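Participant: sequence and predicted structure, then a few things I'm wondering about:
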Amino acid sequence: MIVWLRRMRKEAPVCKDKKTGIWQAFRRSDVLRIMSDTEAFSSDILQIVPESKEFARGNIMLTDPPDHRKLRRIVSTAFTPKVVRDLEPRIRQIAASLLRNVSDTESFDFVQNFTYPLPMMVIAELLGIPKSDWAGMRGMSEKQVAVAVDGPIDEDFLKSVERIGRDFNGYLADLCNSRRKHPQDDLMSRLAQAEVDGERLSDEEIVNFAGLLFLAGHLTTTVLLGNALLCFKEFPEALRDLRSDPTLLRSVIDEVMRYRSPFTQVGRVTKRDVELSDVVIPKGQMVLAWTLSANRDESEIRGADRFDIHRDQNPHIAFGRGIHYCLGAPLAYLEAEIAIPMILEGFSDIQVGSIEDMEFYELGIFGPKSLPIQVKR
């Protein structure tokens, strides 16, 4: 994929896919414009499937100004930096428990045994989902992910996501209704009580935000941690440097996010005719902005194809840009800042298996679904 993206940046930086009719943009400057210019590009990609509009209400990533500002303000009163910081002890407990489960095992699947359950359990507990329901929620989320990576973002794709999402959202709606009647110390209750200038979130908005947080939140950390080990396999000197200097941890996380961006693209719809790289995209067209390509754009990032944890500045946009910068980014950073040192402290040696033994997501997500490793304590 990386080779193909490099070729597209040079030969066809903005083009229309002949099979799907969807436009694509690959250069960093164009991707930044698409992500930031809300006057020209709409985030409400569900407008091409009007019957799916219910899934957009409350989904911050699919909402345009001025509704976006109102929604983000209310959500931010419930999902605060303090709420994230207070999760640290519990994240450590869950991570330690997962690592104990493999303490006597020399080889195991890193994704299935650690990077997938860790963020999923953290977010499920944060939302107030009972432990007895975690397995069911994992099953429903895996179905949604399977649909999301099975094909391009087109009308059929959106309808499939809609079908799979109804059971998932139905569960969250029941939980929301329960918390409105009987508030508890969890994020779902805080969302139900959140208020700014006399405005509160509707049930639909709460459910769609909670669903976004659950799905995108746990996938980001899952793929980030798996990608970190792949980067260490490809660039062992980076792992040596981190072991000798733990203060490099944040730089390592940012470089993993740039070099192997978990989500490869974001979708927008043109609100008017727009020119990008001398190509005019008509109004009402779906556009995929390739964040993975933008983070590897050699014309703007020095040594873009080199994994360099010593960069003075890291310009990655893996968490988005502008008004749609990911609200869950602080949680992803916190989970990674806890998990990576625990892994390195727990194992003196980590050997990642061969690429042939791994399973990767096919589209939309850039990272391993399975990652066999051998370890020594």
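Facilitator: Okay, I see it.
Participant: all strands for the chain, in order.
Facilitator: 14-16, 23-25, 41-42, 107-109, 195-196, 199-200, 265-270, 274-276, 279-281, 286-290, 349-352, 359-360, 368-370, 372-376 (DSSP state E).
Participant: centre of the chain to the longest one, how far?
Facilitator: To tie it back to what came earlier, the one meant is strand 265-270. Distance, stretch centre to chain centre, for strand 265-270: 16 Å (CA atoms, centre = their mean, to the nearest Å).
Participant: for the last one, same thing?
Facilitator: Offset of strand 372-376 from its chain centre (CA atoms, centre = their mean): 26 Å.
Participant: quick one: mean pLDDT for it?
Facilitator: Per-region confidence: strand 372-376 scores 93 on mean pLDDT.
Participant: what lines up beside that strand in the sheet?
Facilitator: strand 107-109 (antiparallel), strand 349-352 (antiparallel) (DSSP bridges).
Participant: so residue 190 sits against residue 78, correct?
Facilitator: Yes. Using CB atoms under 8 Å, residue 190 makes contact with residue 78 at a distance of 3.8 Å. Using the backbone N, CA and C atoms, a C-beta is placed for each residue, glycine as well.
Participant: where does the stretch 151-300 of the chain dip in pLDDT?
Facilitator: For the stretch 151-300 of the chain, the stretches flagged by pLDDT under 70 are 151-165.
Participant: mind listing the helices for it?
Facilitator: Secondary structure of the stretch 151-300 of the chain (DSSP state H, counting those that start in this stretch): helices at 155-181, 187-193, 203-234, 236-244, 249-259, 291-294.
Participant: now do the contacts for the residue nearest the centre of the chain.
Facilitator: With distances taken as CA atoms, centre = their mean, residue 220 lies nearest the centre of the chain, 3.6 Å away. By CB atoms under 8 Å, 6 or more residues apart in numbering, residue 220 lies in contact with 119, 262, 263, 326, 328, 332.
Participant: closest to residue 299 among those?
Facilitator: Closest approach between the contacts of residue 220 and residue 299, by CB to CB: residue 263, at 22.1 Å.
Participant: quick one: contacts for the closest one?
Facilitator: Counted by CB under 8 Å, 6+ apart, residue 263 has contacts 216, 220, 291, 292, 318, 364, 365, 366.
Participant: chain neighbours aside, what residue packs nearest to residue 304?
Facilitator: residue 298 (4.3 Å; CB to CB, 6 or more residues apart in numbering).
Participant: now for that neighbour, how many residues are close by?
Facilitator: Neighbours of residue 298 under the rule other CB atoms under 10 Å: 13.
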